[in-house]
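# have a look; sequence and predicted model below, questions after that.
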Amino acid sequence: MIGTFNTEQAYFEKFHPSNIFVQKMGFDASNELPGGEFAAEQTAISLDDIESRKWAIDGGVLAHWIMSDSVKISASWLTDITNTYQGYNADVGVSYRFRFDNSPNTYVFIKAGLKWKSRQLVDYYYGIDKADTPNSELWYKGSSSFQPYVSFAYSYPVSESWTFKFNAKYQQLDSTMTDSPIVEDSYTATVFVGGKYEF
């Protein structure tokens, strides 16, 4: 059994809207106001326009199958235990660990997998409805999504206490995500560089 923060809400906090969210406003002469001024007609939507998306905590099961000293299969099934998006997500992946004879504590991990997100999850975070905008042309109903990914991790001991860490992950989004009017890119990419200290 495991419990973890659902990471979807992080996309609404960490990234600048101009990178992955559309922010455009148009003007229509039919909306002329008294005095010759014009009212803006919303032709696209941004993070500033939508209702806030809340953090959620997922709980469920995680299993590992050790196929060999180098190969491991992992699978998880999680549900929203905070009743935020009221849905599920699952993940299955295969990882391979490389070891180096001249440096036995140095590791390289390569993983490939597939993540599934339920309709409720996608619709809560990426769907658009009247609570976000009165323009029904921008409304979007999310559906379940399959997202393949690959990741790379490198661990190198600098000293007896310090270990250098590098992690990178690429995840491809399918059309149920990219069709949302607040999503512009067709993928997510994350990189971490840091260290671990052991007392």
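Structure's in. What do you need? Numbers count the residues shown, from 1 in each chain.
# ok, P181 - contacts?
By CB atoms under 8 Å, 6 or more residues apart in numbering, the contact set of P181 is V22, A44, I45, I128, L138, Y140. All C-beta atoms are positioned from the backbone trio N, CA, C, and that covers glycine.
# now the residues you listed: which count as buried?
A44, I45, I128, L138, Y140 (16 or more other CB atoms under 10 Å).
# lowest-confidence entry in those residues?
Least confident entry in those, by pLDDT: A44, with 75.
# how about the secondary structure of that residue?
With DSSP: H, G, I helix; E, B strand; the rest coil as the basis, A44 sits in coil.
# how near is it to I182?
According to CB to CB, to the nearest Å, A44 stands 9 Å off from I182.
# just G127 next, same as before
In terms of CB to CB, G127 sits 9 Å off from I182.
# which one's more surrounded, the two?
Taking other CB atoms under 10 Å, G127 and I182 do not tie; I182 has more neighbours (24 against 19).
# and the helix or strand harbouring I73, what does it pack onto?
Assigned by DSSP states H and E, I73 falls within strand 71-80. Under the contact definition 3 or more CB pairs under 8 Å, 6 or more residues apart in numbering; DSSP states H and E, strand 71-80 sits against strand 2-5, strand 57-66, strand 88-100.
# okay, now the nearest residue to V94 once chain neighbours are set aside: neighbour count?
Spatial nearest neighbour of V94, chain neighbours left out: I73 (5.4 Å); criterion: CB to CB, 6 or more residues apart in numbering. Neighbour count of I73, defined by other CB under 10 Å: 14.
# so I73 bridges to which residues?
Beta-bridge partners recorded for I73 (DSSP bridges): W65, V94.
# hmm, it is touching Y96, no?
No - taking contacts as CB atoms under 8 Å, I73 lies outside contact range of Y96: 10.7 Å.
# for the record, mean pLDDT for the longest helix along the chain?
When the chain is parsed with DSSP state H, its longest helix is helix 119-126. Helix 119-126 carries an average pLDDT of 96.
# between that helix and strand 57-66, how many degrees?
Angle between the axes of helix 119-126 and strand 57-66 is 120 degrees (criterion: axes from the mean of the first three to the mean of the last three CA atoms, to 10 degrees).
# pull the CA atoms of the next helix-or-strand element following helix 119-126 into CSV?
From helix 119-126 onward toward the C-terminus, using DSSP H and E, the following helix or strand is strand 145-157. C-alpha atoms of strand 145-157 as CSV (Å, rounded to 0.1, in the frame of the first residue of the first chain):
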residue,chain,number,x,y,z
SER,A,145,-5.7,9.0,-21.4
PHE,A,146,-2.7,6.7,-22.1
GLN,A,147,0.7,8.3,-21.9
PRO,A,148,3.9,6.4,-22.7
TYR,A,149,7.1,7.6,-21.1
VAL,A,150,10.9,7.0,-20.9
SER,A,151,13.2,8.0,-18.1
PHE,A,152,16.9,8.0,-17.4
ALA,A,153,18.6,8.2,-14.0
TYR,A,154,22.3,8.3,-13.1
SER,A,155,23.8,7.9,-9.7
TYR,A,156,27.5,8.5,-8.9
PRO,A,157,29.2,8.4,-5.5
